[in-house]
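*Asks:* give me coordinates for this.
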Amino acid sequence: MHYYEVAPQQIVRANKSSFTYSHTSALQTGQLVRIEVGTKQLTGIVLGASSKPEYVVKPITNILHDEALPQPLLKLIEWLSQYYASALPLVLQAALPHGLEKKRRAVQKQTHKSRRKRTSFVLNKDQAAAVESIITDVSGTSLLHGVTGSGKTAVYIELAKRVMKEGKSCIVLVPEIALTSQLIDEFSQHFEDILLTHSKQTEAMRHTTWLEALQSMKPRIAIGPRSALFLPLQNVGLIIIDEAHEPSYKQEQTPRYSALRAAHTLASAHKAKLVLGSATPLVADYYTAVHMSRPIVSLPTPAVPTHPPSVRLVDMTKRSHFRRHRFLSDDLLTQLDADFEAGKQVLIFHNRRGSASVTLCENCGWQAGCPRCYIPLTLHTDSHRLQCHICGYKASVPTSCPECHHVDIVHRGIGTKLIESELSKLYPNISIARFDGDTSPENSVENRYKELYEGTIQCIIGTQVIAKGLDLPKLHTVGVVQADASLSLPDFSSPERTFQLLAQVVGRVGRAAHETNVIVQSYQPTHPIVQAGMKQDYETFYHIALEQLRRGKFPPYSYLLKLTCVYKTEKAAIANARKLAGELKRLLPADVEILGPTPAFYERVRDTYRWQLVLKSPKRAHLEQAIQHVPSQGWQFELDPLSLL
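*Replies:* Numbers count the residues shown, from 1 in each chain. Down below sits the predicted model:
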């Protein structure tokens, strides 16, 4: 009889992640099994052999797969649990697909049909130098800083070819499912049998892909969002993170891990290369690369001869610029007139969905708010409903004020649905498509990518969904409705996020030989972040942002821990936040700075009150120490948050 430590995929007992089980035959570390816990049958993972205990143990019910998870993947799972102070079962839930115990019928593999023309490229001088620099680098991690249109994808493909020739696999991460189609189109012209995984697939499809990776005996290319890191490929030689600046690489649920940090750990375990590609790298990553002497590989010019876009700035404080429309400037509308008449494609960017952000009474000042979250309800004119963007609460649009009964109800603010409605009135014969969080799955960027790529959609309206890395060769004009909208958010990452979105959306044009235009509207036209974003001037932005972060003692100059207490009453939330703050001040080292307690940015969410503490320290271990003192009930914590909102 053999004995093993097995970690179930479900929390069974606090502070204990594995239990001893027996089996008649020898098992490998990393094999997946079914075990009995109480009256339940759970999936578990074998962590290693154990000596025979003095008490009677239950037998392992059955073995799910003969193949064990690769050792580097096991190291990653254990590292995530330790580094992010998360229970091992919760990490296993994130790392393993659902329904592993189910017997699947054979699923016919879908062949990918390319929706764009075949690209045959020869690397230019900068791209070839970038490939050689990454291949010969001994540190293992390279930051590929290439301007928009510089051909980073061509570098990825060449690196993948080199790795595949050595008999090793390659994992390519993308921030959005929408970008998966574009990258698959490019890679499928050079590689066969690509493994694709993402959350829009069915449970059976994800399970089948995972099994294919586990049982594959040859090197493979795997493409997907951050969860693709957990595909059990045996011999990984290269991990590529495209658009590495995107916040979607940080998981919002426990374990709240960064895919960039996780990829570094997995690459180290495989002795593989890691490439972080971006036109607007995270300030913290760029700073780390500089100070740890990791290579920053530059692609400073576009990959093909291009015509730089004509960039114009409209001051929104001057109403003389808005004679034809209240929020679409005369300059922008004149450009749209010319483009639509010539049959050209345009993109209008605004990072707020809905039709109007505030509904109020002009007579008494009453405002429509969510009764569960206490934030303004957003008007959606297509469904003629008011909706809370936090909890989803919906209400009818009032015809009169519930307080003073006047009928002077007005709707203020700008959202993508309002822009769509206004442009449809101005240009009724133009093909218009909106892409945001309210877009139905069948009308997503992924499903309509061919129309976008070929230019049959003449007017594209959207939020950040359309600002990320899309290659739109027919695009002639980009209009930004309010460039400084996110600058006023009370968060250390607001300037960086504003610059990234503006630089990325401007980068959708100026990628071909034809003339293109960018028209940026802003209430703060002289703000240095707006100016740098318009010019895609990363170096200027980097130095401005770094100085702001240094003064505020934010990353990369310190580590952060966000603690949020959630209670039914405001009194209980405040009292518990104050109590913990007092205890932490008494127990923690002097270098830990405690901010708060203060109300969270969204103080009330789904009928609960939220107060928070923010801890800063030059030593991450001191923040891990703080987590040990956080009560298990009523509190949430996040190490290394990207935002404090």
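
*Asks:* domain ranges for this protein, per the record?
*Replies:* Residue ranges for the domains of the chain, per automatic domain parsing: 2-69, 125-299, 310-356+413-548, 559-639.

*Asks:* in CSV, list the C-alpha atoms belonging to stretch 322-339.
*Replies:* The C-alpha trace of stretch 322-339 is given here as CSV (Å, rounded to 0.1, in the frame of the first residue of the first chain):
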residue,chain,number,x,y,z
PHE,A,322,-19.2,73.1,-30.9
ARG,A,323,-21.6,75.1,-33.1
ARG,A,324,-23.0,72.0,-34.9
HIS,A,325,-23.3,69.6,-31.9
ARG,A,326,-23.1,69.8,-28.2
PHE,A,327,-20.2,67.2,-27.7
LEU,A,328,-19.0,66.4,-31.2
SER,A,329,-16.8,69.3,-32.3
ASP,A,330,-17.1,71.1,-35.6
ASP,A,331,-13.6,69.9,-36.6
LEU,A,332,-14.5,66.3,-35.9
LEU,A,333,-17.9,66.4,-37.8
THR,A,334,-16.2,68.2,-40.8
GLN,A,335,-13.7,65.3,-40.9
LEU,A,336,-16.5,62.7,-40.6
ASP,A,337,-18.4,64.4,-43.4
ALA,A,338,-15.4,64.1,-45.8
ASP,A,339,-14.6,60.5,-44.7
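
*Asks:* quick one: mean pLDDT for it?
*Replies:* When pLDDT is averaged over stretch 322-339, the result is 95.

*Asks:* also stretch 575-583?
*Replies:* Stretch 575-583 comes out at a mean pLDDT of 96.

*Asks:* check stretch 549-561 too.
*Replies:* On average, stretch 549-561 scores 95.

*Asks:* by mean pLDDT, point me to the weakest helix or strand of the protein.
*Replies:* helix 177-187 (a mean of 78; mean pLDDT, DSSP states H and E).

*Asks:* list the buried residues of that helix.
*Replies:* Using 16 or more other CB atoms under 10 Å as the test for burial, helix 177-187 gives 177-187. Yep, even glycine has a C-beta here, placed from its N, CA and C like the rest.

*Asks:* need the next SSE after that helix, C-terminal direction.
*Replies:* Under the assignment DSSP states H and E, the closest C-terminal helix or strand after helix 177-187 is strand 195-196.

*Asks:* who are the packing partners of that following strand?
*Replies:* Where contact means 3 or more CB pairs under 8 Å, 6 or more residues apart in numbering; DSSP states H and E, strand 195-196 is packed against helix 203-215, strand 221-224.

*Asks:* strand partners (parallel or antiparallel) of the shortest one?
*Replies:* For strand 221-224, the pairing partners within the sheet under DSSP bridges are strand 169-173 (parallel), strand 195-196 (parallel).

*Asks:* mean neighbour count, those: which tops it?
*Replies:* The highest average neighbour count among the strands paired with strand 221-224, using mean count of other CB atoms under 10 Å, belongs to strand 169-173 at a mean of 27.

*Asks:* what is the orientation angle of that strand with helix 203-215?
*Replies:* 140 degrees (axes from the mean of the first three to the mean of the last three CA atoms, to 10 degrees).

*Asks:* still on that earlier bit, Throw the domains of the chain into TSV and include distance to Leu379, thanks.
*Replies:* Converted to TSV, those look like this (distance: least, CB to CB, whole Å):
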stretch	distance to Leu379
domain 2-69	42
domain 125-299	26
domain 310-356+413-548	4
domain 559-639	19
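
*Asks:* show me where the stretch 301-450 of the chain has strands.
*Replies:* Assigned by DSSP state E, counting those that start in this stretch, the stretch 301-450 of the chain shows strands spanning 310-315, 345-349, 358-361, 378-380, 385-387, 394-396, 409-412, 432-435.

*Asks:* ok so, going back, closest to Val33 out of the helices and strands packed on strand 195-196?
*Replies:* helix 203-215 (14.5 Å; CB to CB).

*Asks:* for the closest one, name the packing helices and strands.
*Replies:* Using 3+ CB pairs under 8 Å, 6+ apart: helix 203-215 touches strand 195-196.

*Asks:* distance from the strand it packs on to the middle of the chain?
*Replies:* 19 Å (CA atoms, centre = their mean, to the nearest Å).

*Asks:* likewise stretch 303-312?
*Replies:* Counting by CA atoms, centre = their mean, stretch 303-312 is centred 28 Å from the centre of its parent chain.

*Asks:* what's the answer for stretch 58-77, then?
*Replies:* So, by CA atoms, centre = their mean, the centroid of stretch 58-77 is 29 Å from its chain's centroid.

*Asks:* now stretch 528-547
*Replies:* That offset, for stretch 528-547, works out to 22 Å (CA atoms, centre = their mean).

*Asks:* go through it and flag the buried ones.
*Replies:* So for stretch 528-547, counting by 16+ other CB under 10 Å, buried means 529-534, 536, 538, 541-542, 544-546.

*Asks:* ends of that stretch, how far apart?
*Replies:* Taking CA to CA, to the nearest Å, stretch 528-547 runs 13 Å from one end to the other.

*Asks:* I would like the residues contacting it, please.
*Replies:* Stretch 528-547 is contacted from outside by 145, 147-148, 279-281, 283, 286-287, 311, 313, 483-484, 487, 495-496, 498-499, 501-503, 506-507, 518, 520, 522, 524, using CB atoms under 8 Å, 6 or more residues apart in numbering.
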